[in-house]
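1. Got a predicted structure plus its sequence, pasted below:
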Amino acid sequence: MRSNPVLTSILIGLFGLPLVLLALLATGQYWRFPDVLPPGYSLDALARVISAESDLGAGLLLSLGIATVVSVLSTGLGFVFSRAVARTRHPDRWVTLSYLPYALPPVLLAIVIQPFIIRLHLSGTVMGVGLGLLMITLPFCTLFFRSFWGNQASQYEQVSRTLGCTPTQALWRVLLPLARPLLVTCLFQTFLIAWFDFGLTNYLSVGKVRTLTVQVFLLVGEANSRLAAVASLLLLLPPSLLLWLNQRAIARRVI
Amino acid sequence: MHTYRRLLTNLFLLFLTACSSAEQRDPATVLSQSWAQIEARGRNQPVTLMMWLGDPFINDYMNKYVKPEVKKRYGIDLQTAAGQGTQVVQTLVAEREAGQPSQIDMAWINGETFYQLRQIDGLLGPITDKMPNAKLIDFTNPYIGTDFQQPVAGMEAPWGNVQLAIIYDGKTVPNPPRSFAELPAYVKAHPGQLTIPNEFTGMTLLKSWMIALAGNPKLFQGKFREEVYLKWSTELWKQVNAIKPYFWKQGTTFPEQLATLHQLFANGEVAFTFSDNDAEVDNKVNLGFFPKTARAYVPAPGTIRNSHYLGIVKGAQHPEAAMLVVNFLMSPEAQLKKMDPNIWGDHTVLDLSRLTAGDRSKFENLPTRRYAPKRAEIQHLAFQEPAPEYMTRLFKDFRTFVIEAK
Amino acid sequence: MNRVILSFYALLIAGLPLAGLINALGYSVGIGGPLATGFTTQYWQQLSTETSLLVSLAFSLYVAISSVGLALLIALALVLNRQRMLRRWPFPALLYVPLLFPSLVVAFYLFQLLSGSGWISRMVVALGLTQTPADFPNLIQDGAGLGIISAQVVMAFPLFTLLFDGLYTDARLDELRSLTRTLGASEGQFNRKVAAPILLRRAAPTLVLYAIAVLGAYDVPLLLGRNYPQMLSVFITARLQRFDLADLPMGYLIGFLLTVGLMIVIYRTTRWTQRHAL
């Protein structure tokens, strides 16, 4: 069971290649079959996107803000909710209910909840977007922590209570450290869900909450692959940076 | 236990019931104002324009030119929001059912959305009769005054005028088929080079092809006629199916989006693509996406030409400001800027004969389009857009009789 | 206390979707929506004529099950056979990378990589193996949905690997492994009879969730799939967002039925894993 260089390089290739190809597409001009590499390079597509989307900076901050709040809230609440679910007599019913937001086709979900968002006077607001995103991330976290609240965690909690811990102490000293790797993964995942959301954010905010994703996502699906590649890179870079910065932390905690 | 259950019920009810508060503007009162009153009332207001934001050239025109200009002229804070078509329709319906004023003031729409918005009575109007710049538009021009065979009647304001064009690569295709009649033989002789996108532009192509087959564009004017549709769509499917194995991927699949077809074209996998805007080829080449050998043309006997429009929402919170924006977008200055292929390349809706000599010469002396056909050359090759039912039926039947046919 | 928490949870996550589902039901019988004309069973009756819906359903199930199945096999193989490697640089971080790619970007990337005129095809041409885009095999937009499945597998298997790895540690399978080895079981026997079932049962909720996400995925099949057979989400979206408002009630109806159907499947699966929990 030694480290396998072949497997390692396959994985690095598999996950590194997209960035290489996207960068080539973004900078290569008039690149067509059968040229393996573009005949010329230029940063004009990047300049185009940056100049056309006037508030990319504000969008970046908005994206970061929404994704952070949503991920922290849903991870915290999901941790609590999944404990409550584990303690009921019929956890299966609660688990089933948690799947409801996913069982609706995404486009249908946005359309059918919009009337209620409007009635709550949240249409076109960041709050409305947050509520919509929580509907997706919260059940995710609750389901995610289900495996944690098995026998072991409950036993540890009981043992620590028997040994004289208050519920708060049991939470901070025993349960949270025990759940730390899961908490980090869950935070990271829900951050990404919120970060990359385009459909729900755009629909519920009637196009008014212009996160970075909303600003450049449209260009990814549109008729110019050079601009699409630039937009994809703009979307990927911030979370990649986050991963790179936290790489050690995340990696260590997963183990 | 009991109280908490009631609390929950109440919370749930709060979730579901309407609690209307924001100010609802009465359309009749809004429309009864004079232009001077509208100008006074519209100043220093925010306006939300919902539009398709998938093209950085268009976004650039809005952000760098239109927004600063309306700010400077009227103090209007123009916000663009991403959305189009059914999203606009569904949002307006939901807002009205909730008794709320709209988050959208105005929207960029084309024929089928206009049809849908008229179906749900979602537009404010007539609006153009008051606008000074609307006098520069010839509403008797059938390509402007009628939208999908429905009289515009002031319910939407023309913004740009475009025509379906075939784009090809001059390097691999020295002699493209010059007419719809030559198309089948060409495709048979050059398999794998052409396909039909299964979306709006593809349907415009099929409509043009159907009209060409019928040989009489007048048949498709006016209301939808079942017998005309059946007769000529059957002919169309016969032609398309006869050459189906010679389409890209042997006709086993068709691109679901125009973007996909454009990418295949840019990569050199197919030799043809299409555009609703006859001048699109220029800005795609300028950005190093399409090859420099890409050219656009209109096949004989012609293709569909139509206009796209701006509509003001009936429940708009700032209808006067929206009217000021619409009027500005129809001004010679804004129209001229928009027509430049280096900016956008969207043809003007103004009637050049109604402009001052100075303005007219500016329109006529724009740096000409390099790769797109000249407007004067395709003037006689235009069909009017038929009623919307032709499109919805073609879209359904293309799936039934071509895509799903064995 | 527990009840209050749970009710709050239910309200938050299910309140709006349930209310929305009731609305969708209303739209499907003509008592709501933009062109509502009053109660009608017309759309429910027309349901039997929607033959391509069944094709769509079958194709979607096939794609969802094979994608999740394949990703699961890869992840299990990595976790059970390459335990030590997974703990060494660069693996833990590497496995997070695919999570950074939104599905639209993955679809766009695979399109540019695998199409007839894509990057790989160009390399094959450079090697002198093919000449034209048409010579290259159909890896995307193919009849068997290979393009869609490969995109989904690439996105899913790293996540599953991380999940199984966490569960592996959590269930102390290493200790269990030494124990069974002492009792004379082979490595393979342990993996097949002990470790895999434990991991799968514990991961079942996430796996089901993921399969549903694949079933409802829109961007990937739109770009990498064929028009026919078509995945459900593309099929429904066409009804809800295309040119014809008269199509809306049928779109709502199909969406409503799909949701109810999925909820029944989910409930059954949950009950099953609950009963066989370890």
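-> Received the coordinates, thanks. Numbers count the residues shown, from 1 in each chain, chains lettered A, B, ... in the order given.
2. which stretches of the stretch 151-278 of chain C aren't confidently modelled?
-> Per-residue confidence for the stretch 151-278 of chain C (pLDDT under 70) gives these ranges: C:243, C:276-278.
3. need the residues of it near chain A, please.
-> Residues of the stretch 151-278 of chain C lying close to chain A (CB under 8 Å from any CB of the partner chain) are C:154, C:158, C:162, C:165-167, C:169-170, C:202-203, C:205-206, C:208-209, C:212-213, C:216, C:218-219, C:232-233, C:236-237, C:240-241, C:251-252, C:255, C:258-259, C:262-263, C:266-267, C:270-271, C:274. The way it works is simple: take the backbone N, C-alpha and C, and place the C-beta from them, glycine included.
4. Which among the residues you listed count as buried?
-> Neighbour-count burial (16 or more other CB atoms under 10 Å in any protein chain shown) applied to these gives C:154, C:158, C:162, C:165-167, C:170, C:202-203, C:205-206, C:208-209, C:212-213, C:216, C:218-219, C:232-233, C:236-237, C:240-241, C:251-252, C:255, C:258-259, C:262-263, C:266-267, C:270.
5. Now go through those residues and say which are in helices.
-> When DSSP state H is applied, those are split such that C:154, C:158, C:162, C:165-167, C:170, C:202-203, C:205-206, C:208-209, C:212-213, C:216, C:219, C:232-233, C:236-237, C:240-241, C:251-252, C:255, C:258-259, C:262-263, C:266-267, C:270 fall in helices.
6. so which of the residues you listed also contact chain B?
-> Residues of those in contact with chain B (CB under 8 Å from any CB): C:240-241.
7. Who's the closest spatial neighbour of C:Lys193, skipping the chain neighbours?
-> Distances taken as CB to CB, 6 or more residues apart in numbering or on different chains place C:Ala185 nearest to C:Lys193, at 7.6 Å, with adjacent residues excluded.
8. Tally up the residues packed near the one you found, please.
-> For C:Ala185, the count of nearby residues is 16 (other CB atoms under 10 Å in any protein chain shown).
9. quick one: which helix or strand includes the residue nearest the centre of chain A?
-> Chain A has A:Leu192 as the residue nearest its centroid, 1.6 Å off, counting by CA atoms, centre = their mean. Assigned by DSSP states H and E, A:Leu192 belongs to helix A:176-196.
10. Show me what that helix is packed against.
-> For helix A:176-196, the elements it packs on are helix A:56-86, helix A:126-144, helix A:151-162, helix A:225-254, helix C:146-170, judged by 3 or more CB pairs under 8 Å, 6 or more residues apart in numbering or on different chains; DSSP states H and E.
11. Dump those to a markdown table, plus distance to C:Met123.
-> Formatted as a markdown table, the helices and strands packed on helix A:176-196 follow (distance: least, CB to CB, whole Å):
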| stretch | distance to C:Met123 |
| --- | --- |
| helix A:56-86 | 34 |
| helix A:126-144 | 39 |
| helix A:151-162 | 50 |
| helix A:225-254 | 18 |
| helix C:146-170 | 18 |
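12. Those helices: lowest mean pLDDT?
-> With a mean of 76, helix A:225-254 has the lowest mean pLDDT of the helices and strands packed on helix A:176-196.
13. Can you give the distance from that one to the centre of its chain?
-> 11 Å (CA atoms, centre = their mean, to the nearest Å).
14. got the angle for that helix vs helix C:146-170?
-> Interaxial angle of helix A:225-254 relative to helix C:146-170 (axes from the mean of the first three to the mean of the last three CA atoms, to 10 degrees): 20 degrees.
15. Can you report how many residues neighbour the closest residue to C:Asp170 other than its chain neighbours?
-> Using CB to CB, 6+ apart and skipping residues adjacent in sequence, the residue nearest C:Asp170 is A:Ser147, 6.9 Å away. A:Ser147 has 21 neighbours, counted by other CB under 10 Å.
16. Identify the residues contacting A:Ser147.
-> C:167, C:170, C:202-203, C:205 (CB atoms under 8 Å, 6 or more residues apart in numbering or on different chains).
17. and what of B:Pro386?
-> B:148-149, B:207, B:211, B:220-221, B:224.
18. Is it possible to mark the buried ones in those residues?
-> B:148-149, B:207, B:211, B:220-221.
19. And for stretch B:126-141, what's in contact with it?
-> Contacts of stretch B:126-141 (CB under 8 Å, 6+ apart): B:31, B:34-35, B:38, B:144-145, B:152-155, B:157-158, B:312, B:323, B:326-328, B:330-332, B:349-351, B:354-355.
20. Counting neighbours, which bits of that stretch end up buried?
-> Buried residues in stretch B:126-141 (16+ other CB under 10 Å): B:127-128, B:130-131, B:133-134, B:136-139.
21. Please apply the same query to stretch B:186-202.
-> The neighbour-count criterion (16+ other CB under 10 Å) identifies B:186-187, B:190, B:192-202 as the buried residues of stretch B:186-202.
22. Which helix or strand contains B:Phe265?
-> Per DSSP H and E: helix B:258-267 holds B:Phe265.
23. if you look at that helix, does any of it touch chain A?
-> Yes - shown here: helix B:258-267 in contact with chain A (CB under 8 Å from any CB) through B:258-259, B:262-263, B:266-267.
24. and which of the residues you listed is nearest chain C?
-> Closest to chain C out of those is B:Asn267 (3.8 Å), distances taken as CB to the nearest CB.
25. Quick check: the closest one touching A:Phe33?
-> Yes - in this structure B:Asn267 lies within contact range of A:Phe33 using CB atoms under 8 Å: 5.4 Å.
26. can you give me the strands in the stretch 151-300 of chain B?
-> Counting by DSSP state E, counting those that start in this stretch, the stretch 151-300 of chain B has strands at residues B:157-163, B:165-169, B:272-275, B:294-297.
27. Including mean neighbour count, could the ones you listed go into CSV?
-> Putting these into CSV (neighbours: other CB atoms under 10 Å in any protein chain shown) gives the following:
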stretch, mean neighbour count
strand B:157-163, 24
strand B:165-169, 24
strand B:272-275, 25
strand B:294-297, 22
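28. Quick one, which of these gets closest to A:Thr27.
-> Of all the strands of the stretch 151-300 of chain B, it is strand B:294-297 that lies closest to A:Thr27, at 20.3 Å by CB to CB.
29. got the angle for the next helix or strand after that closest one vs strand B:157-163?
-> Per DSSP H and E, the first helix or strand lying C-terminal to strand B:294-297 is strand B:303-312. If you take the same axes, to 10 degrees, strand B:303-312 sits at 160 degrees to strand B:157-163.
30. export the helix or strand following strand B:303-312 as PDB, just CAs?
-> Counting by DSSP H and E, the next helix or strand C-terminal to strand B:303-312 is helix B:319-329. Extracted C-alpha coordinates of helix B:319-329, given in PDB (Å, rounded to 0.1, in the frame of the first residue of the first chain):
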ATOM      1  CA  PRO B 319     -43.400  54.100 -14.600                       C
ATOM      2  CA  GLU B 320     -42.600  57.700 -15.400                       C
ATOM      3  CA  ALA B 321     -38.900  57.200 -15.000                       C
ATOM      4  CA  ALA B 322     -39.100  54.100 -17.100                       C
ATOM      5  CA  MET B 323     -40.700  56.100 -19.900                       C
ATOM      6  CA  LEU B 324     -37.900  58.600 -19.800                       C
ATOM      7  CA  VAL B 325     -35.400  55.700 -20.100                       C
ATOM      8  CA  VAL B 326     -37.400  54.200 -23.100                       C
ATOM      9  CA  ASN B 327     -37.500  57.600 -24.800                       C
ATOM     10  CA  PHE B 328     -33.800  58.000 -24.400                       C
ATOM     11  CA  LEU B 329     -33.100  54.600 -25.800                       C
END
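31. and helix B:319-329, how far from the chain's centre?
-> The answer for helix B:319-329 is 19 Å, by CA atoms, centre = their mean.
32. and it with chain A, contact?
-> No - interface with chain A: helix B:319-329 contributes nothing (CB under 8 Å from any CB), its closest point being 15.0 Å away.
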